[in-house]
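J.: structure here, sequence nowhere to be found:
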């Protein structure tokens, strides 16, 4: 554990504004020499914005950055790197087609009479890699080594160039167990050398294994900086998701009795390496909430269900009849609908009109030759736009001009126009304003009453509790728990996300 | 925006550009608008613009759909050479034109399908995928003609290039019919919307259950088919197949026609009739420079200048500037929101 030394890098009251949105609002952050400091938060919490400010990629709109106690201003990442702050990203930012040695010395090759000294590079590189416990041929192409080795080369380069602070941005995301251990050995060595290390990850167990302190952000606010030795995993999850257990929860879980017969069943659906097989049945008039941290497999599960990724095992039945779903078109035919997490990328057709965006899935289902007549289109778009209270000046304006909440409702309208039996909503309330938030939650409840089967993925536990008949919890790409009735409270969900200590009905 | 009225369509900058080019042609050559009736058909510079512009217009009809999907087809010029070569070699060796023509069209369709397979199943970028056939296709055409210019005297095949129907040159009739049929085919079915959806956001199209592969195969095949028609016209016109020169660089004119017609290379909204107007603008410029007596070397330079001007006029920024500057402060056309 690091002592109470002066921080090597410190940020005070950092503010960053994008348009109307305060991505960071007065955030303090400090990393001491010889400590591993984890930075945690859900998507959109402000982690990457903070890192980009600390490494010079963004300029803060307020607050100051101190390096070794003196205020500094980084104009760009190169500037920050020269000042001592090196960064290693999940995707290795090196040249895979050059040798390890060249990558290590790129841009600062030892020269004599203006000529690069190849032998010197190779011997220095080999010596350097040895200090990291790697005995590899540094003349071989970087790309011929595993991601873990490349990752360590990237770290070595960053440390050689900078040497005070090392930022590791999700370095373990594409590594397997042994590689993670290897990487951790390297990080421990660097820590002993007195570097300040900032560690960003989604894996809580790695945070506890490696880090000394943790700073947690939520919605651009600093939630707190703590010593990890005084925290439990549950407390960390609670801080990340913002659920104060002390006040309990008043919203009553939705009665389980109201639901109808089984509508869709996914049995043993899985994809090797991406998602452990899971079994889940959804009833008519039932909402199943999905909780889990980012990267826990919640989106992967939805993608398998909808055929966006093709499952390599398992079966799907709709109303008792087996169906084959190998692509989204087949899922649509089976009566499924999917509002994806990334609206802009996977959801809306920005240039097309509101009307066209609403009728497109129905038209795709009808096929090329049964074109919806313009009057039918107007009627369908009008009906669902009114139904969901989509606010657009007219239905022929491009959908990209609408607000995020209205765009989300347009995608919802698209699927409702298709008269679905099963609807998947992935983070339906992310990035939309509070008013539209409440409306979408109301809509979910109404759709349940209309007899739909819904699967709703959300990080907003209050919402999950408000509309779910059941909640399944995901961790490490597995379905680890299924909660019913009185168990559906934010406290129990947080506990299930954090550890194994509660009874589970996990499927194998 | 209710259904577009005829007036609002005719007010588009493309029509203004076409009118301007033709007006300049008239200044340079007062007989430009004179049309005479002779031997049962119309003659005149205007008819000539339509006739000479027909091959590019036909190519543009096919390429429009491809560009609307965010693709591009560089091979259509080479496919013209292939279809011309196939038809010419077949009729010159005694095959009746009634068989040679369908087979030449089929060859174009197969070429387009090949492009479609490269783009959809092998996931090659359209510009590279079609570049393959642009280069290889001409070689293929040369193989078919065995390196020589194959001439023929088949009346039906030359009728396609030089005949007349209802007083109009055959190429014009073909282009017109193809334009109308294609426009109806995409707008009276869901194809137009689905093509635009794939072009705007292919990932979202997938999530919405659109089978974009089938659509892409269709549009590339259709572009090949259109190119084959254009190839037959050019071959019929000279009563021979010249594998080296038939359709050379016409793919670029076709792409230009589509862009002049207002379809973005980034995909999405498209209009087949407007692409045809784009082709006519190009041909009107070519003809104008020819009849004005300038040396043809000027052609390319003048053309590029005019094209830049038209593209600038089309841009949204220019539209805003013009409406700020010249349109009095009338409220924007009111539409009842429902």
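T.: Okay, I see it. None of these values were measured; they are calculated from a predicted model. Numbering: from 1, shown residues only, chains lettered A, B, ... in the order given.
J.: would you agree residue B:202 is in contact with residue B:213?
T.: No. Between residue B:202 and residue B:213 there is no contact under CB atoms under 8 Å: 10.4 Å. For the C-beta atoms, the positions are set from N, CA and C on the backbone; glycine is no exception.
J.: farthest residue from the center of chain A?
T.: residue A:113 (50.1 Å; CA atoms, centre = their mean).
J.: looking at that one now. What's its pLDDT?
T.: pLDDT recorded at residue A:113 is 75.
J.: against residue B:188, how distant is it?
T.: Residue A:113 is 75 Å from residue B:188, where distance means CB to CB, to the nearest Å.
J.: repeat for residue A:32
T.: Between residue A:32 and residue B:188 the computed distance is 70 Å (CB to CB).
J.: got it, and residue A:392?
T.: 27 Å.
J.: of these two, who's got more company?
T.: It is residue A:392, of residue A:392 and residue B:188, that has more neighbours when counted by other CB atoms under 10 Å in any protein chain shown, with 23 against 12.
J.: which element is that one on?
T.: For residue A:392, there is no enclosing helix or strand under DSSP states H and E.
J.: what about residue A:162, neighbour count?
T.: By other CB under 10 Å, 20 other residues sit near residue A:162.
J.: dump the residue contacts of it.
T.: By CB atoms under 8 Å, 6 or more residues apart in numbering or on different chains, the contact set of residue A:162 is A:81, A:82, A:83, A:84, A:85, A:86.
J.: now the first one, what's its secondary structure?
T.: Spelled out, it's residue A:81. Of the three states, residue A:81 takes helix under DSSP: H, G, I helix; E, B strand; the rest coil.
J.: close to chain B: what parts of the stretch 201-350 of chain A are there?
T.: Taking CB under 8 Å from any CB of the partner chain as the contact definition, the stretch 201-350 of chain A meets chain B at A:306, A:308, A:327-329, A:331-333, A:338, A:340, A:345-350.
J.: where does the prediction get shaky in chain B?
T.: Where chain B drops to pLDDT under 70, the residues are B:1-11, B:314, B:323, B:326-338.
J.: show me where the stretch 151-300 of chain B has helices.
T.: Applying DSSP state H, counting those that start in this stretch to the stretch 151-300 of chain B gives helices spanning B:155-162, B:170-187, B:191-200, B:202-207, B:212-238, B:250-260, B:272-292, B:297-314.
J.: if we look at stretch A:118-134, which residues are touching it?
T.: Contacts of stretch A:118-134 (CB under 8 Å, 6+ apart): A:100-102, A:104-105, A:109-110, A:135-136, A:138-139, A:149, A:152-153, A:155-156, A:160, A:182, A:185-186, A:189.
J.: helices - which of these land there?
T.: Among those, the residues falling in helices (DSSP state H) are A:100-102, A:104-105, A:149, A:152-153, A:155-156, A:160, A:182, A:185-186, A:189.
J.: could you look up the SS state of the closest residue to residue A:73 other than its chain neighbours?
T.: Nearest residue to residue A:73, sequence neighbours excluded (CB to CB, 6 or more residues apart in numbering or on different chains): residue A:65, at 7.2 Å. Per three-state DSSP, the local secondary structure of residue A:65 is strand.
J.: surely residue A:65 is in contact with residue A:79?
T.: No. Judged on CB under 8 Å, residue A:65 makes no contact with residue A:79 at a distance of 11.7 Å.
J.: and the helices of the stretch 151-300 of chain B as JSON lines, adding mean neighbour count and distance to chain A?
T.: JSON lines is the format used below for the helices of the stretch 151-300 of chain B (neighbours: other CB atoms under 10 Å in any protein chain shown; distance: least, CB to the nearest CB, whole Å):
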{"stretch": "helix B:155-162", "mean neighbour count": "18", "distance to chain A": "30"}
{"stretch": "helix B:170-187", "mean neighbour count": "18", "distance to chain A": "9"}
{"stretch": "helix B:191-200", "mean neighbour count": "25", "distance to chain A": "4"}
{"stretch": "helix B:202-207", "mean neighbour count": "22", "distance to chain A": "5"}
{"stretch": "helix B:212-238", "mean neighbour count": "26", "distance to chain A": "8"}
{"stretch": "helix B:250-260", "mean neighbour count": "25", "distance to chain A": "16"}
{"stretch": "helix B:272-292", "mean neighbour count": "23", "distance to chain A": "16"}
{"stretch": "helix B:297-314", "mean neighbour count": "14", "distance to chain A": "16"}
